[in-house]
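Undergrad: Return a 3D structure for these sequence lines:
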Amino acid sequence: MIFLTLEHILTHISFSIVSIVITIYLMTYLVHEMIGLYHSSEKGLIASFFCITGFLVIRWIYSGHFPLSDLYESLMFLSWSFSIIHMVPYFANQKNHLNAITAPSAIFTQGFATSGLLTEMHQSAKLVPALQSQWLMMHVSMMVLSYAALLCGSLLSIALLVITFRKNPYVFAKCNHLVIWPFSSGEIQYVNEIRNVLQNTFLISFRNYRRYQLIQQLDCWSCRIISLGFTFLTIGILSGAVWANEAWGSYWNWDPKETWAFITWTIFAIYLHTRTNKNLQGVNSAIVASMGFLIIWICYFGVNLLGIGLHSYGSFILN
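TA: Purely as a prediction, here's the structure:
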């Protein structure tokens, strides 16, 4: 009973911290004077990370197995993975835009995990015989880590596409202003107009440069995180094949989970291939990664929602 109480306390603390962090992010975007509070909130996801770590350790101790046997546990592990992805560049003192991705992702997964839909899974159950293997930790942890990394990388690519194709009305307004203003009202007005032209041109160039710099940063971080997630996904699929051979006598059975895992691997393999061609980098590769975002969720939730195939251990039925 005490373990369940500690679990509830840690999950609620973690959820509350991430909620506060997201609120601070939104406030700092609206009020730039609160930038100091923004930097303090960066440590919020670190505190959330330790809370979820405590939850996983406690569940591991009293259940006797690594806490990745059902959808509830995998969602909490996914939220834990988002926190890790946030912490890596933070401790490396590198500026990034992951905080706008990892915090909402963490609160979404925790919110769904602690919702009433998965109430029956909140209490740990004994593993079914097929899951009583040392490969459980290796295979499932690699797969969930890959989902977290690939989701973050895909969201960065989606943000890249939104910024790239978004029109900048401010720039167009300034350009029209340059054309409409007359230059025949005397020497003083002529000098003032020349000064305005130079100021506006500089401002437009600066804004375009900042926009270009942001796009390049998003593209760089997206590629880095997707490369990491692709490595985890490859390890997870290979370890799962070995485990499947031990459990079912075949390395590959083409059940729904395996099929969608292969599709996910193929999509991001195509993404990494586009990165080798300079003509396909940027928007073209981001489109492929954006497609992968949907594929990941189908792979992760598809079997769990339908409860079909050999990987339906963590499925649940909506009432």
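Undergrad: And the helices in the protein, which stretches?
TA: Using DSSP state H, the helices of the chain run over 2-30, 35-41, 44-63, 71-91, 99-113, 135-165, 169-180, 187-248, 256-274, 283-306.
Undergrad: packing partners for the third one?
TA: If you count contacts as 3 or more CB pairs under 8 Å, 6 or more residues apart in numbering; DSSP states H and E, helix 44-63 packs onto helix 2-30, helix 71-91, helix 99-113. (C-beta placed from N, C-alpha, C; glycine too.)
Undergrad: ok, residues contacting it?
TA: Helix 44-63 is touched from outside by 3, 6-7, 10-11, 13-14, 17-18, 20-21, 24, 66-67, 69, 73, 76-77, 79-80, 83-84, 86-87, 90, 99, 102-103, 106, 124, with contacts defined as CB atoms under 8 Å, 6 or more residues apart in numbering.
Undergrad: between it and helix 135-165, how many degrees?
TA: 160 degrees (axes from the mean of the first three to the mean of the last three CA atoms, to 10 degrees).
Undergrad: Could you pull out the buried residues of helix 44-63?
TA: Residues of helix 44-63 classed as buried by neighbour count (16 or more other CB atoms under 10 Å): 44-45, 48-49, 51-52, 54-56, 58-60, 63.
Undergrad: Equivalent analysis for stretch 255-268, please.
TA: Asp255, Pro256, Lys257, Glu258, Thr259, Trp260, Ala261, Thr264, Trp265, Ile267, Phe268.
Undergrad: Mind telling me the two of these farthest from one another?
TA: Farthest pair in the buried residues of stretch 255-268 (CB to CB) is Asp255 and Phe268. Separation: 20.8 Å.
Undergrad: where are the low-confidence patches of the stretch 151-300 of the chain?
TA: Within the stretch 151-300 of the chain, the segments meeting pLDDT under 70 span 167-209.
Undergrad: To Tyr300, which of the helices and strands packed on helix 44-63 lies closest?
TA: From the helices and strands packed on helix 44-63, taking CB to CB, the stretch that ends up closest is helix 71-91, at 8.3 Å.
Undergrad: Could you report the distance from Leu214 to Ala100?
TA: From Leu214 across to Ala100, the span is 12 Å (CB to CB, to the nearest Å).
Undergrad: Could you do Phe108 as well?
TA: Counting by CB to CB - Phe108 and Ala100 are separated by 13 Å.
Undergrad: tell me, how many neighbours does the nearest residue to Arg211 once chain neighbours are set aside end up with?
TA: Closest residue to Arg211 apart from its sequence neighbours, by CB to CB, 6 or more residues apart in numbering: Ile163 at 6.7 Å. Residues lying near Ile163 (other CB atoms under 10 Å) number 14.
Undergrad: pretty sure Pro67 contacts Leu75?
TA: No. With contact taken as CB atoms under 8 Å, Pro67 and Leu75 are classed as non-touching, separated by 10.9 Å.
Undergrad: And these two? Which one has more around it.
TA: Neighbours per residue (other CB under 10 Å) separate Pro67 from Leu75, with Leu75 holding more: 25 against 21.
Undergrad: Please consider this matter closed, and thank you.
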